[in-house]
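next comes the sequence, and after it the predicted model I'd like to discuss.
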Amino acid sequence: MIPFIVAPPATGMDARSTTRASHGDDWIIIRVASALSRPMPNADYSRDLDLHRGYLMRVARLQLRDEAQAEDVVQETLLAALSGSGFSGQSSLRTWLTGILKHKIVDAIRRKQREPTVASAFGDIDSEMDIEEFDAMFNPRGAWAAKPADWGDPEAALNQRQFLDMMDLCLEKLPPNTARVFMMREVMELETDEICKELAINANNLWVILYRARMALRLCLEQNWFSGKGTPA
Amino acid sequence: MIRNALGHVISCKDASRLVSRREDAPLSAWQRLVLRLHLAVCTGCARVERQIRFLRSAMQKYRQ
């Protein structure tokens, strides 16, 4: 039986979606279903959704660290957005899509947790947690080894495209599990107890991971963006 | 001098941890007090405090 899935017309999709076929047959089934199903979604709406695909992919990739899985959850998100009538126009389209993506990613992480091989991969968080160079931020007495720089007025950077690109680079440089936890907290906006439950870690571990993520991002932005922008430390 | 001594009940390492934890969980009254005393005398940590708050607004922007 052909599943009833409404997909956008092929012309509305970018090249990446076409490569989707290489991961399995389901995309072809979706294509066929799309040719058969009526009514077709509004073409403008599909195009609007597609504009957000790049962003959704970035978030999913950082979160799942697996290209095929990231494509899957983004695909599911866009399909859900196309077939559902949930968008009320009260929030921005991107916020709404991120909300759907959040559930898809949480589901994917839950599935991952059940696979023993991947579940143990999350155990690597321990090895990410005792990186010695991290403690080099402080001298043995716990004072800053190098005094944090003055960033001047950092809010001004928020309107610059290049700054957000730099944020992306810095996020990608985080150790995988650290980045995943940070994204769950700051992009998916999960509460700390939800994250602890999902990943089966205790609150103390979570705070340490988030602390390391923030300090690493701070340092990365300082070195690559804010150095020389404020008064030298 | 007393102000300085009070400010160093906790180290910069502890202070930066508390600044981060505050984003995720409420601090105890004691933690709030020693953090406040430390931030009053430590420029480095005061900068980091502002930068951690900035990170949060940067991530908000990133989401939009």
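Good, I have the coordinates. A quick note: this is a predicted structure, and the numbers were derived from the prediction, not measured.

pull out the buried residues from stretch A:100-115.
Residues of stretch A:100-115 classed as buried under the neighbour-count rule (16 or more other CB atoms under 10 Å in any protein chain shown) are A:I100, A:L101, A:K102, A:K104, A:I105, A:V106, A:A108, A:I109, A:K112. Heads up, the C-betas are built off the backbone N, CA and C, glycines and all.

ok, stretch A:46-66 next?
Applying 16+ other CB under 10 Å to stretch A:46-66 flags A:46, A:49, A:52-53, A:55-64, A:66 as buried.

what about chain B: which of those residues touch it?
Here nothing survives when those are matched to chain B using CB under 8 Å from any CB of the partner chain.

can you give me the helices for chain B?
B:2-7, B:12-21, B:29-41, B:43-63 (DSSP state H).

ok, so of the buried residues of stretch A:100-115, who is nearest A:V208?
Closest approach to A:V208 among the buried residues of stretch A:100-115 (CB to CB): A:I109, at 19.7 Å.

which positions in chain A make contact with chain B?
Within reach of chain B by CB under 8 Å from any CB, chain A has these residues: A:92, A:94-95, A:98, A:137-138, A:141-144, A:147-151, A:154-155, A:157-158, A:163-164, A:167, A:185-187, A:192, A:203, A:206-207, A:210-211, A:214-215, A:217-218, A:221-222, A:233.

of those, buried ones?
A:94, A:98, A:137-138, A:144, A:147-151, A:154, A:157, A:163, A:167, A:185-187, A:192, A:206-207, A:210-211, A:214-215, A:217-218, A:221-222.

what about the residue of chain A found nearest chain B, is that helix, strand or coil?
Closest to chain B within chain A is A:G142: 2.8 Å, counting by CB to the nearest CB. Here A:G142 takes the coil state, with states given by DSSP: H, G, I helix; E, B strand; the rest coil.

pretty sure it is touching B:C12, no?
Yes: using CB atoms under 8 Å, A:G142 is in contact with B:C12, at 5.9 Å.

near A:D193, how many other residues are there?
11 (other CB atoms under 10 Å in any protein chain shown).

and the contacts of the helix ranked longest in chain A?
Counting residues, the longest helix in chain A under DSSP H turns out to be helix A:93-114. Residues from elsewhere that reach helix A:93-114 (CB atoms under 8 Å, 6 or more residues apart in numbering or on different chains): A:48-49, A:52, A:55-56, A:59-60, A:63-64, A:69, A:72-74, A:76-78, A:80-81, A:86-87, A:91, A:118-119, A:122, A:187-190, A:198-200, B:63-64.
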